Each structure stands twice: as C-alpha cells, then as structure tokens.
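Asks: Provided below for reference: sequence and predicted model.
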Amino acid sequence: MPESRSSGNAFPAPSEGMAVTVFLTVNDVARSRRFYSEVLGGEIVLAENPCTIRLANSWIIMNPGGGPTPDKPGVTLQAPESREVVSSFMNLRVADIQAVYEEWTAKGAEFLTPPLDREAELRCYMRDPDGYLIEVGQATGMLHGHFARRA
C-alpha cells in the first residue's frame, strides 16, 4: 500500500472556517486511490481509513460502503449501482481541456466522448472506476459573456 504523503497542512482540517470535501463510497479503495492520484494527479494525503486525496484545491475522501451508524441512523452507503442514472457529479474546470483529455486518456481514463464545443465552454464527461460521473470543462465563450442557452 502506498504511504501517505503530505505537504504541510494538506489534510482538510481547517483551524477556522470550513473546507469543502467530496466523499465517495467506493468498492475498491486501492483502485480508486490509483485513479485519483495516478490518472488525475491528486496527492495521497492518507492512504486509507479514510483514503484522502488532495486534488487541486479540493479533497476527495473515499471509503467502502456500509450500513447505518449512530450518527447516520437508517442510512446505508454504497457505490453507484447504475451507470445510466446519476444524481450528482464532480465538475473539474481545466485550463486546456484537449491536453487534459489526451493525458488522462493515455493514463487509462474512460471518457464518454471527446471534448465538445458547447459555445460557452468545451466539455466532456468521464467515469471513475466505480462509475461516478466527472465533468471536465474549459470556459471559452462564457469568458466573453456567451453563456449556455436555457433548455
């Protein structure tokens, strides 16, 4: 198992205010840790219990699912069962979507499509090993006041 790495105050434990993290229920912590560190370039802060990855200016926390606990009675955590139905997704904003698409594809990322020009932005979606949907976008037209049309 990889050792935890940390550069200074890398763990999301603010001394004041708050830090926002994303928690993912995963089937295989090692597999997900490799994806978020080796493919997306995140820093392993804590290898397990819970696995914590610093990704850009955010943290992803991952642990296996499980049943209810005293602080979440009646709630069971599990990784996604369906790849077709999602209720939320991670949104990664990048400076050069084509370069990121090519780099991450070469490292094994599975994109649904290549980046598409949506006029306001370039955008594509990928999945992590558990099927979580991740949007990757680059602002283009929106930088000049051209935003997405309403559906």
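Replies: All right, it came through fine. Fair warning: this is a prediction, and the values are worked out from it, not measured in the lab.
Asks: Name the residues that touch the helix or strand hosting I61?
Replies: Taking DSSP states H and E as the definition, I61 sits inside strand 58-63. With contacts defined as C-beta atoms under 8 Å, 6 or more residues apart in numbering, strand 58-63 is touched by 12, 19-26, 29, 32-33, 36, 42, 45, 49-53, 77. The way it works is simple: take the backbone N, C-alpha and C, and place the C-beta from them, glycine included.
Asks: Against which helices or strands is the biggest helix by length in the chain packed?
Replies: Using DSSP state H to define each element, the chain has its longest helix at helix 97-106. Contact analysis of helix 97-106 by 3 or more C-beta pairs under 8 Å, 6 or more residues apart in numbering; DSSP states H and E lists strand 110-111, strand 121-127, strand 133-139 as its packing neighbours.
Asks: between those, which gets nearest to S82?
Replies: strand 133-139 (11.0 Å; C-beta to C-beta).
Asks: related to what we said a few turns ago, buried set for the longest helix of the chain?
Replies: 97, 100-101, 104 (16 or more other C-beta atoms under 10 Å).
Asks: just how off-centre is it within its chain?
Replies: 16 Å (C-alpha atoms, centre = their mean, to the nearest Å).
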